[in-house]
Every structure is written in structure tokens, then in C-alpha cells.
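1. Fold the following.
(chains A and B)
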Amino acid sequence: MNITELTVHELQEKLKSKELTIEQITKAYVENIEKHEKDVQAFITPLKENALKQAQEIQEKIENKEITNSLAGIPIGIKDNICTKGVKTTCASKMLENFVAPYNATVMEKINNESMINLGKLNMDEFAMGASTEYSYFKKTRNPWNLNTVPGGSSGGSAAAVAANMVPWALGSDTGGSIRQPASFCGVVGLKPTYGLVSRYGLVAFASSLDQIGPITKDVQDAAILLNVIAGHDEKDSTSANKEKVDYTKALKNDVKGLKIGIPKEYFGEGINSEVKQSLEKAIETYKALGATVEEFSLNIADYALATYYIIACAEASSNLGRFDGIRYGYRTENYTDLKELFRNSRSEGFGAEVKRRIILGTYVLSSGYYDAYYKKAQQVRTLVKKEFDKAFEKYDVLLTPTSPTVAFEIGTRSNNPLEMYLADICTVSVNIAGLPGISIPCGVDSKGMPIGMQLIANKFEEETILNAAYTYEQKVKFRENYEPTFKGGAC
Amino acid sequence: MQVSREEILHIAKLANLNLKEEEIDTYLLHLQDILNFANIVSNAPVDDLNESIGANDSYNVFRKDEIKVFEDNEALLQNAPEKERNMFKIPKVIQ
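-> Numbering: from 1, shown residues only, chains lettered A, B, ... in the order given. Sure thing, here's the model as predicted:
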């Protein structure tokens, strides 16, 4: 038995039947990190020794019956923009290279309450701004399916680590597709919850009205289990929703008979790679065969939503990143004569090129003379996008689209053309604009063996609907049984 | 809308960022490219629509204004680039 190939629910069964111990599981993961990290480069701060020590302590507590919950001792990887008390949280930026959060994010409190084991902090695009993890200050993460290609982003370290079996599951964050697109590129499952379902307290803010934390996992059942852990109201996040607790694993019925699936035709048009399209068309046929009703319709908001996304996200980022001034934490320049120079030089030296680009764009669209033309207009388009989705959900339970127009692209091929990189977010951003839940699951591979992702979108707080739809498809197609990463390439 | 060199320098100043001479043209080009694309919002049929400030519709979420003392000063100050006697140190502000 290869321990690291097991899903978390499989690990739970093996623990229950005493076929495995916490220490064996953690050790297997630590060994796999040692084996693959030189190729994949997924971690910014690995916590291998800590994890082994913690595993021993938790194992003892389980044996003494001090801990009885079923996730105790299960390892996890955490995206490096989620604050972890006592462990560096760098946001993959020189600005926060040495930042140690003095408190835990609410999701970390929840993870710790389950006695789960943090295997380390995972690489990302700097401040979550990017779609390839190439904008990390520290390293470029590589896609385990082909080491010459990107893992996607911004949660590229999280998705690559799950795909490479270096962690059993991970937390990512999604502002415009940053969980779903890397999940799609790496052949794993990524769920962006409804805005407000998971507390953002302790998530370093990029665009506060769009950011959500969510799971990246090997299969849909694991995504439901991890969502059970992290969802819930939090008074420390005023945008957190006060909803009754749901057990998402109960939604997994393996049955989509009568489910109404809408296919927005604009998401299958120009710019979508033909192999991606074919794979999605095959998935649509599978849903029909499983008893779902499928209908094409028009959702003509994709281009507006993408433009709106970049206006709103950058505007909020320019405001959120104003806090980095070299005073209380973060990078401070050595080159200054007065306070103003300290601010400007610290920020100019501490932020990378993409972050500065987005701050400048955000400052521009908020500045006097352009506010009405860009920011105000974008906020109105946001209403339009919400209304169009509302209309769609009057007719359909689930919307089905590609997660990304292409499979993973080669490292270095897009990083010099920001607009081209932005345009690739076309399928995912509207979900954040409207605050909806979206999941990406693998639905096949292209002729080069690279994974293709399918996105399922539901109405607000209807995670159960997309989890069940994804689960039912997964049980039929069994992607993980047919395909696995090859770790080929790597000469770049 | 055409962005001028002066404008981008003004924006950088507002954002508290320096742009090196060799960076200005690249940023200008990228900003222009992105704005040309973003202009599409001006054609959106939104004249009679209100603005949305966020994804959910909650408005004014109140809580009690209570002081909570954060005890771990050491962990806070550990991140300070410069400190003195349990305080953050900054350059002299008053001349």
C-alpha cells in the first residue's frame, strides 16, 4: 500500500481499522516531500520535523483516548497567505519574507482544533496576484504532470503539492480563480466556497470583496470533509455569513437524475482550446447518461465580468496593500532620510513587479477623473453579473463550464504579457464577482497527457448541489484510477 | 483613454511607489493595454443599475465596541523592522 496515494477518507478508514498509525502517515508524507520537492518546489516553509514531533504526540493522545475525533493527526498543507501563529507567513513576497504572524487565522484555529498536522506553508503568486505561481518572490513551482509547465495560480503550491502526494490535502484561497484554475492544471479538486461561508480572518487581504479560502483535495469527498471543518460564522469577519451548520458529506448521493444543468455557450466559444472543449463535451454526455437534463443557454457577461474583475480586484488591492509601509512589520529599506522616503522606498523595494502593476492600475481606476469611468462602472457591472446569474439559477441547478480555456502552459511563456495572463481567467472570475460557489474537477487529459478541468457553479450557499454533481461524475469517470502525474520534464 | 508619462508618475506618487526610469515605459505599456481592455465596461448595459459593493447583500454588520487587549507584545514586536524599549522606531517626524 502506498500511503500517500490514499485520500483522506481512505486514511480515516485505515486509522479506524488500525491498519495505519498517525506516525506512519506523517512519515510517509515527509518522505514524499523529500523525494519530490527538488522537482516540484511547492513549499516556502516546510515543517517536516515539527510534523513528525506532532504526529508522535497526537498518536500518544489517541492511544490514551485523550483525542477521539476522526481527523486528528491527518496532515495538511497551507497556502502561505493564511496566518499561522509562530510560523512564517510570507505571501511569497520579499515584503513579508520574515513575517511571523502573532495570531492564527480562524481557519487555522479550526484545523488546530481538529488536531491536524501542518506539513508546511505552500508557494503562491506574490500576494495571490497571478495565475501561474511564477510571480512568487522565492521560487517557481512546477506542475507534477510536466515539470516544464506551470501549476497554475495563485494557489499553485497547494495544487502541485496535492497532485504530487506531498500533502493529502491543502488550503488555498480564490479571488478570481486561484483555487479552481491550479486544481484544473494539476488534475485535482478545488472548491471556492460562497463568499462569506468561510471566515477570511487571518487571510492576508488581496481583494476583500472577492477573496475566499477553500479546499484543494484529491477527490470530492475530501473537499466536502475539509469544507465541513473550515465553514462557519465568525464574528471576527463581518462579511462572514451566519448560516446553520451543514454536513457537506451528506450531500454526496451519487445521483444526478433530474438535475438541471445549464451550459453557458459563451464559455465554449472562441479562445477555448479544442481539446478542452472536446473533453467538456464528453463530460456533458456523461451527465446526460447519468440522468441529468442539460440545456445550452446564453450568459453574455464573460468579457464584462473579466474587465470588472481586474478593475475591482486591483482597486481593492491598492487600498489593502497600503498597509505595507515598513513600520510595524514587513520589509524596511535601508535607504531613507525621512518618513516619506522610508514608506516609498520600502514599498518599491519590497513589492515585486506584478504587485506594483496592480497597485498602479488600482490607484488609477480610483483616482479623481477616472473613478466614474472605471470603478463606478465596474460596481454597476457587478450588479449586472449578479442579476444574470440569478436569472440562470431560476432555470438551472448547476452551470457547467471549462475551468480554464487551456491546460497548463510552459513556464516563462506568459509572464511577460500581463494582459494575456489576465485573459486566461475568463471562466473563473465571474463566480467571484457574484460571490457564488464553484468547484473544479478533472474531466480528462489532452493529447500530451495534461489534465483538463471542468467547473461547476451553483447558486449562493448551494455547495451541496455542486459537491453532489461533482461526486456523481467522479464516481462514474474515476479520473484518479486512470491517470496520475508523471513528473516528466524538468530540464528548464 | 491614453495614459501619459506624467499621469503614471502622478499615480505612482499617490501609491507611494517609485518607478525607475527603465520601468516607466513598461508600466505605461501594460497599464495602457489593460485599460484598453477594461474600457469594455463602458459599453455594458448598466445605466439603470445600482452599484454593488460586494458579493453579499449584508449592510452595516454591527458588533459591540469592546476593547480586547492583545497580550503577546513580544510576538507583535518581533516583526518590527526597528524597535526600541518595547516600541516601534521610526525616523524623526518633527523638525
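2. Show me where the chain has its strands.
-> I'll assume chain A. A:43-46, A:75-79, A:117-122, A:169-174, A:189-192, A:212-217, A:260-264, A:293-297, A:398-402, A:438-445, A:451-457 (DSSP state E).
3. my question was about chain B
-> B:83-84, B:87-88.
4. hmm, back to that, so for residue A:359, which of the strands of chain A sits nearest?
-> Of all those, strand A:169-174 sits nearest to residue A:359, with 18.8 Å by CB to CB. C-betas here are computed from N, CA, C, even on glycine.
5. pLDDT weak spots in the stretch 351-492 of chain A?
-> For the stretch 351-492 of chain A, the stretches with pLDDT under 70 are A:491-492.
6. one more time with 80, if that's ok
-> By pLDDT under 80, the weakly predicted segments of the stretch 351-492 of chain A are A:490-492.
7. Around chain B, which positions in it sit nearby?
-> Within the stretch 351-492 of chain A, the positions adjacent to chain B are A:351, A:356-357, A:359-365, A:367, A:370, A:373-374, A:376-384, A:386-387, A:418-419, A:422-423, A:432-435, A:460 by CB under 8 Å from any CB of the partner chain.
8. Of the residues you listed, grab the buried ones for PyMOL.
-> Only the buried entries of those go into this PyMOL selection, using 16 or more other CB atoms under 10 Å in any protein chain shown:
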select buried, chain A and resi 351+356+357+359+360+361+362+363+364+365+367+370+373+374+376+377+378+379+380+381+382+383+384+386+418+419+422+423+432+433+434+435+460
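9. Tell me which residue lies nearest the centroid of chain B.
-> The centroid of chain B falls nearest to residue B:15 when counting by CA atoms, centre = their mean (6.8 Å).
10. Just want the residue of chain B that's nearest chain A.
-> residue B:55 (2.3 Å; CB to the nearest CB).
11. from what I can see that residue touches residue A:211, true?
-> No. Contact criterion CB atoms under 8 Å: residue B:55 and residue A:211 do not qualify, at 10.3 Å.
12. Neighbour count: those two, which is higher?
-> When neighbours are counted by other CB atoms under 10 Å in any protein chain shown, residue B:55 and residue A:211 differ, and residue A:211 comes out ahead with 26 against 23.
13. measure the closest residue to the more buried one other than its chain neighbours to residue A:154 for me?
-> With sequence-adjacent residues excluded and distances taken as CB to CB, 6 or more residues apart in numbering or on different chains, residue A:211 is closest to residue A:175, at 5.0 Å. Computed as CB to CB, to the nearest Å, the residue A:175 to residue A:154 distance reads 8 Å.
14. Now do the spatially closest residue to the residue nearest to the centre of chain B that is not a sequence neighbour against residue B:21, distance only.
-> The shortest distance from residue B:15 to any non-neighbouring residue, by CB to CB, 6+ apart, is to residue A:363 (4.3 Å). According to CB to CB, residue A:363 stands 20 Å off from residue B:21.
15. With residue A:458 instead?
-> Counting by CB to CB - residue A:458 and residue B:21 are separated by 50 Å.
16. what number of residues lie near residue A:31?
-> If we define neighbours as other CB under 10 Å, then residue A:31 has 14 of them.
17. Tell me how far the most far-flung residue of chain B relative to its centre lies from residue A:100.
-> Relative to the C-alpha centroid of chain B, counting by CA atoms, centre = their mean, residue B:85 is the outermost residue, at 30.9 Å. Separation of residue B:85 from residue A:100 (CB to CB): 21 Å.
18. now swap in residue A:158 and tell me
-> 20 Å.
19. The two: which has the busier surroundings?
-> Set residue A:158 next to residue A:100 and count neighbours by other CB under 10 Å: residue A:158 wins out with 39 against 17.
20. can I assume that one is in contact with residue A:170?
-> Yes. Assessed by CB under 8 Å, residue A:158 is found in contact with residue A:170 at 3.9 Å.
21. which residues do these two both contact?
-> Common contacts of residue A:158 and residue A:170, defined by CB atoms under 8 Å, 6 or more residues apart in numbering or on different chains, comprise A:77, A:78, A:79, A:122, A:216.
22. and which of those is nearest to residue A:319?
-> residue A:79 (21.9 Å).
23. Now residue B:8: closest residue in space that isn't a chain neighbour?
-> residue B:28 (5.3 Å).
24. Look at the nearest residue to residue A:242 once chain neighbours are set aside and report its pLDDT.
-> Nearest residue to residue A:242, sequence neighbours excluded (CB to CB, 6+ apart): residue A:233, at 4.5 Å. With respect to pLDDT, residue A:233 scores 97.
25. Now do the closest residue in space to residue A:146 that isn't next to it in sequence: how many residues are near it, please.
-> Distances taken as CB to CB, 6+ apart put residue A:489 closest to residue A:146, at 4.8 Å, once the chain neighbours are dropped. Neighbour count for residue A:489, taken as other CB under 10 Å: 16.
26. Just the buried positions in stretch A:261-274, please.
-> Buried residues in stretch A:261-274 (16+ other CB under 10 Å): A:261, A:262, A:263, A:264, A:266, A:267, A:268, A:272.
27. May I see those organised as TSV, with distance to residue B:59 and pLDDT added?
-> Formatted as TSV, those follow (distance: CB to CB, whole Å; pLDDT from 0 to 100):
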residue	distance to residue B:59	pLDDT
A:261	33	98
A:262	30	98
A:263	35	98
A:264	30	97
A:266	32	93
A:267	32	94
A:268	37	93
A:272	38	92
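28. Closest to residue A:396 out of those residues?
-> So of the buried residues of stretch A:261-274, ranked by how close each gets to residue A:396 (CB to CB), first place is residue A:262, at 3.4 Å.
29. So for stretch A:132-144, mean pLDDT?
-> Stretch A:132-144 comes out at a mean pLDDT of 98.
30. Distance from it to the middle of the chain?
-> 15 Å (CA atoms, centre = their mean, to the nearest Å).
31. Which parts of that stretch count as buried, going by neighbours?
-> For stretch A:132-144, by 16+ other CB under 10 Å, it's A:132, A:133, A:134, A:135, A:136, A:137, A:138, A:140, A:141, A:142, A:143, A:144.
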